[in-house]
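**Q** Give me a model of this one.
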Amino acid sequence: MIINTELEYKGNQFPLEVVDFKRDSESFFFYAKNDVILKVTILRDSVVRFRYATEGVFHPDFSYAIDENYAQGYNVLNFEDRLDYFAIRTNKIECRIRKEDMRVSILDLNGVVVVEDEIGFHWEESYENGGNVVKMTKFSAEGECIYGMGDKASHTNLKGRRLENWATDSYSFQKDQEPLYKIVPFYMGLHHDITYGIFFDNTFRSYFDFSHERRGITSFWADGGEMDYYFIYGPEMPQVVEYYTDLTGKPELPPLWTLGYHQCKWSYYPESKVKEITSKFRELKIPCDAIYLDIDYMEGFRCFTWSKEYFPEPKRMVEELSADGFKTVVIIDPGIKIDKDYWVYQEAVENGYFCKRADGPYMKGKVWPGECNFPDYTNPKVREWWAGLFKGLIADVGVRGVWNDMNEPAIMDVPTKTFPLDVRHNYEGLHSSHRRAHNIYGTQMARATYEGVKRFAFPKRPFVITRSAYSGAQRYGSSWTGDNVASWEHLWIANIQVQRMCLSGMSFTGTDIGGFAEQPTGELYARWIQLGVFHPFCRTHSSGDHGDQEPWAFDDEVVDITRKFVEIRYQLLPYLYTMFYDYINEGTPMLKSLVYFDQHDKQTHNRTDEFIFGKHIFVCPILEPNALGRRLYLPKGTWYNWWNNELTVGGKEQYVPTDFDQIPIFVKEGAIIPKYPIQQYVGEKRIEQLKLEVYYKNGKENSDVYEDEQDGYDYKKGRFSLRRFKLSGKKDQLIITQHKEGKYTTQYDTIKMEFHGLPFEIEHVKIDNEEVELDLIQMNKDKMLVIDKNFMQVQIIGKEIKELKEVIKDE
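**A** I've put the predicted structure just below:
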C-alpha cells in the first residue's frame, strides 16, 4: 500500500566541505562531500570562470555568448593548499576557495577583498520543470555602486534594484519597468576605487538583486541550467568593459553610411510616399543616408515578399533611391504565415524547420500575418536556410540592410507575450525547451540574418539591426531600445539606456528618436535629435498610429535645429568612425558614462545625464521642457565650450546657459577633432581635405583618426589609414606630431588645421623642422594652417600675449 506519494521538498541545498581536488592545466576541480563540483578556470590573469555541478557531473560545455575566437592566456598561475582554504594566484588576483563550505573570495595582490561569497552557491531542486534553480549570493561592499546590465530603464547606478532577465515585447515601457527586450547578465561593481565585473552566462530566466531584498547583499539566480559565471578584475572600469567585450565578441566595422542619419516609420507606403519623404529630405538639405520599410512593404505581411500593389517594381525603386543617396533597409520578423501556397512556409515545412511543441505539433502563434509558425534558429540547418532566403532582397533587389523585429520572440493575444515554455529547440544538437532557448532566440535570428546579408551583400559589408539580444549579439549587428514613448521621461530613459548598452559591450545602439508611441511636441523632438545625433545608431522611428514624425512635421525652427545637429553628426563622421574602430579593436565603449571616464572622482558615480562621446567630446542633453540651459557636472580637467571656445575648469557642478538650438557640448583641451565637409549622404562628395580642430593644451594629449574605403573588407588586409597625433603644448609653442599606420591612401592631399585657444601670437611655423613662410598676420587672425597630409611634425612658435585676459571661468 502506497501511503506517501509526495516528493520531499528539500529547500535550499549547499555544498558541504571539500574532500578532494585536482588540477588540469588552467582548470582546478574541487569536490564536496555531497557531490558538488566547483570548476575554476583561469582564462586570463584578470578573468576567471566559476562553474558548479550539483550531482557530480557537468552539463555539456556550450555558450552562445562567448566568442569562439576568444584568446585565453595568463602570465602567472600558482596554486597552494593552505590550512583553511585553497589559493589560486595570478599576477593580478588571488582566488580563495574555503574548504569548509566551498565559498569563494577574490582579493587583489594587496590583500584587499574585491568580492566574496556570503552564502555563496546554493540551489533548489525544481520538481515541476526538472533541474535546479541555481543561486549565488555575495557581499556588496560598503558604498558599492553597480553598473551595466544592458537596456535597463533605470538609474545608471543599479544599487538597490531588483532586475529580471526575460526578453519581453515591452511596448510603451516605463521607467524602472522589468523585464525589457535585451538580456545582458553582466554587471560591474565599484568600491574603494576598484571595479570588477561578473557575467552570469545562463540563458534561463534569471534575476539580479543588488541590495534590494537584503542590505549589503548582491544575489543572482536562474530558473534552470548551471551556476556558470565569469569574474573580471579591472581594477579600472575601462579594463573590465574591454575584457568583457573581448570575451563576448566584437563586431566588424559597419559601412560608414550606417553611422549617418536614418529615417523610419510604421509604415512608409506606397512607393510614392517613400519618394515623397526622401525628396523632402533633399529639398530641405537635411542629410539622410537610409530609408526604412516596415511590414507594409510585404504581400500580406509575408516575409521575403513585396506588395504588388504598393511596390510593384522594388528593384527599380531601390536603384532610384540609391541614385539619390538613400540605402533601403527592410524589416523581417520571425513569424512565417501559415499558407500552403507561400514558398517560404512550404520550404520550412518540407524540411522540419519550425519550432515544435513537446508532443510534436508545430508551435503556432498570432503575429502580424495572422497565425504563424516560427523557425528554430538554434538549429544550424535552419540558420543556413534562413540566410539563403536573403538572396532576393539583398542580391536581386539591392536592399542594403535588414531590421529584425518581434524576435523576443513576441506573440500577440496571449498573456505571456511569447512561446509556451514546452516548445522544443535544437540548441546546437543539445536539445532544450523554450525555458532555456527563449533569451537567445532573437540573437540567433540576428545571427542567421547577419550571415545571409553578409553573404549576398559581399563585397560590401552587412547591416543588421535586432530588437532582442543576449550577450554576444554585438557580433552580428546593431540594436535599438524598442518601442519607447514620446515623453520627456523617455528622453531621460533613452540617454540612460544607450550609455548602459555601451558599458555592456553593445555600443552600436540607438533609440527611436522622438519616441515610437504617441506624438512628440516640436520642442521634445528637437531635444531628442540633439541627443540622438550623439548616439552610435541614429534613427527617427515612430508609429503611424500617432501622426507624422519627420522633421518638417513640426515648425521651421525644429527643421533648422534638426538640420544643424544632423550636419554636426556628418561633420564628425571621421571622429565617429574612429570611435567604432576603437570599439572593434579594443572593446572601448563608444559612449562613456562619467563614472567610466573617471571612476576615482566620486562625483561621477551617480551622474546619469552627462557622457563622453568618443575620447574627447562631452555631451549633456537638455531633458526638461522650457529650459535654456541646465546644471551639469563637468569632469576634472579643462574643457572648451563647443559653441564659443570659452575655457571652463571641470571637477564641479555648474550652470551652463544655452539657446534652444544648442545643448551643452565641451571639448577636452588638447583634443584634435577630425571633420569632413557636410554631405547630404555618405559618398555624395569627394573628401578633398581633412579638417582638424586643434584645441590647445599646456601639456600633452593623444588623438587618432581612422579612415578606409568606408565599405568592403580591404581594411582587414591592411588597407586603412590610421593617423596618430600627439599634441604637446607650452606657454609659447605648440607641437603636433603624426605617425601613420596602414596602406590606404586617402582621397585628400592636404589637412587644414584650425587652432583654438592659442595663448600666444604666432611668430614662426616649422613643418618637419623646416621653417615655412606664412602670412603670419592672417595666421594670427584665422588660426588656420593648410599643410601636406603626410607631415611628421608641425611646430608653432610664438610669444606669450602678456595682456591676454583670463578666459578660464571660475563660477
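**Q** count of neighbours near the closest residue to Asp289 other than its chain neighbours?
**A** Distances taken as CB to CB, 6 or more residues apart in numbering put Gly260 closest to Asp289, at 3.4 Å, once the chain neighbours are dropped. For the C-beta atoms, the positions are set from N, CA and C on the backbone; glycine is no exception. Residues lying near Gly260 (other CB atoms under 10 Å) number 25.
**Q** swap in Gly365?
**A** Neighbours of Gly365 (other CB under 10 Å): 22.
**Q** If it is in a bridge, with which residues?
**A** Cys372 (DSSP bridges).
**Q** how far away is the residue nearest to Asp289 from Met579?
**A** 14 Å (CB to CB, to the nearest Å).
**Q** sorry, back to before: my understanding was that the residue nearest to Asp289 contacts Leu572; is that so?
**A** No. Between Gly260 and Leu572 there is no contact under CB atoms under 8 Å: 11.0 Å.
**Q** which other residues reach stretch 93-104?
**A** Residues outside stretch 93-104 that contact it (CB atoms under 8 Å, 6 or more residues apart in numbering) are 14-18, 30, 32, 36, 38, 40, 45-46, 48, 50, 84-89, 105-109, 114, 116-117, 119-121, 231, 233.
**Q** For Gly547, report the pLDDT, please.
**A** Looking at Gly547, its pLDDT reads 86.
**Q** show me what contacts it?
**A** Applying CB under 8 Å, 6+ apart, the residues contacting Gly547 are 519, 553.
**Q** how does it look with 6 Å?
**A** Shown in contact with Gly547 (CB atoms under 6 Å, 6 or more residues apart in numbering): Gln519.
**Q** what does Ser140 give?
**A** 211, 216, 218.
**Q** number of nearby residues for the first one?
**A** Counted with other CB under 10 Å, residues neighbouring Ser211 total 19.
**Q** ok, now how distant is the nearest residue to it once chain neighbours are set aside from Tyr147?
**A** Spatial nearest neighbour of Ser211, excluding adjacent residues (CB to CB, 6+ apart): Ser140 at 5.2 Å. Using CB to CB, Ser140 is found at 13 Å from Tyr147.
**Q** same deal with Thr578?
**A** Thr578 is 25 Å from Tyr147, by CB to CB.
**Q** okay, the two: which has more neighbours?
**A** Legend: neighbour count by other CB under 10 Å for Thr578 and Tyr147, higher for Tyr147 (27 against 21).
**Q** How about the backbone phi and psi for that one?
**A** phi -140, psi 170 (degrees, to the nearest 10).
**Q** same check, this time on Gly532
**A** phi -60, psi -30.
**Q** what does Val485 give?
**A** The phi/psi pair for Val485 (degrees, to the nearest 10) is phi -130, psi 150.
**Q** for Gln549, same thing?
**A** The phi/psi pair for Gln549 (degrees, to the nearest 10) is phi -140, psi 30.
**Q** Run through the residues that contact it.
**A** 514, 542.
**Q** now do 7 Å
**A** When contacts are counted by CB atoms under 7 Å, 6 or more residues apart in numbering, Gln549 is found next to 265, 514, 540, 542.
**Q** can you check Thr745 too?
**A** Taking CB under 7 Å, 6+ apart, one finds nothing in contact with Thr745.
**Q** which residues in the stretch 201-350 of the chain form strands?
**A** Here the stretch 201-350 of the chain has its strands, by DSSP state E, counting those that start in this stretch, at 206-210, 217-222, 227-233, 261-263, 290-293, 327-332, 336-337.
**Q** angle of the third one against strand 217-222?
**A** Spelled out, it's strand 227-233. Strand 227-233 runs at 140 degrees relative to strand 217-222, counting by axes from the mean of the first three to the mean of the last three CA atoms, to 10 degrees.
**Q** What pairs with strand 227-233, parallel or antiparallel?
**A** strand 47-53 (antiparallel), strand 194-200 (antiparallel).
**Q** go on, the shortest one?
**A** The strands beside strand 336-337 in its sheet (DSSP bridges) come out as strand 370-373 (antiparallel).
**Q** now swap in the fourth one and tell me
**A** Paired strands of strand 261-263, with direction, are strand 290-293 (parallel), strand 538-540 (parallel) (DSSP bridges).
**Q** outside of the last one, which residues touch it?
**A** Put plainly, it is strand 538-540. 261-264, 480, 510, 513-514, 532, 549, 569.
**Q** How many residues are close by Asn495?
**A** Neighbour tally, Asn495, other CB under 10 Å: 26.
**Q** Next: Asp101.
**A** 16.
**Q** Quickly find the element holding it.
**A** Using DSSP states H and E, Asp101 sits in no helix or strand.
**Q** Need the per-residue pLDDT for it.
**A** 97.
**Q** Could you do Glu806 as well?
**A** Predicted confidence (pLDDT) for Glu806: 44.
**Q** Please renumber the chain so that the first residue is 47 from this point on.
**A** Shifting the count to begin at 47 puts that one at Glu852.
**Q** And the helices in the stretch 597-746 of the chain, which stretches?
**A** 602-617, 619-632, 640-643 (DSSP state H, counting those that start in this stretch).
**Q** Now those in CSV, please, with extra columns for mean pLDDT.
**A** Formatted as CSV, these follow (pLDDT from 0 to 100):
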stretch, mean pLDDT
helix 602-617, 98
helix 619-632, 98
helix 640-643, 98
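**Q** I'd like the ones you listed written out as CSV, with distance to Tyr722 added.
**A** Converted to CSV, those look like this (distance: least, CB to CB, whole Å):
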stretch, distance to Tyr722
helix 602-617, 6
helix 619-632, 5
helix 640-643, 26
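**Q** Among those, which comes closest to Asp239?
**A** Asp239 lies closest, by CB to CB, to one member of the helices of the stretch 597-746 of the chain: helix 640-643, at 11.6 Å.
**Q** Please go through the protein and pick out the longest strand.
**A** strand 159-171 (DSSP state E).
**Q** and the next element down the chain from it?
**A** In N-to-C order, the element after strand 159-171 by DSSP H and E is strand 178-185.
**Q** and that next one, what's its mean pLDDT?
**A** Mean predicted lDDT for strand 178-185 stands at 98.
**Q** how about that strand: buried residues?
**A** Neighbour-count burial for strand 178-185 flags 178-185 (criterion: 16 or more other CB atoms under 10 Å).
**Q** Closest one of the residues you listed to Lys798?
**A** Of those, the one sitting nearest to Lys798 (CB to CB) turns out to be Lys184, at 54.4 Å.
**Q** Contact partners for that closest one?
**A** So Lys184 contacts 161-164, 264 (CB under 7 Å, 6+ apart).
**Q** From Thr527, how far out is the residue nearest to Thr291 when sequence neighbours are not counted?
**A** Nearest residue to Thr291 in three dimensions, chain neighbours excluded: Gly633, at 3.3 Å (CB to CB, 6+ apart). From Gly633 across to Thr527, the span is 21 Å (CB to CB).
**Q** Neighbour count: those two, which is higher?
**A** Thr527 (29 against 23).
**Q** Give me the pLDDT value at that one.
**A** 98.
**Q** Please go through this structure and pick out the longest helix.
**A** Across the chain, the longest stretch assigned as helix under DSSP state H is helix 480-503.
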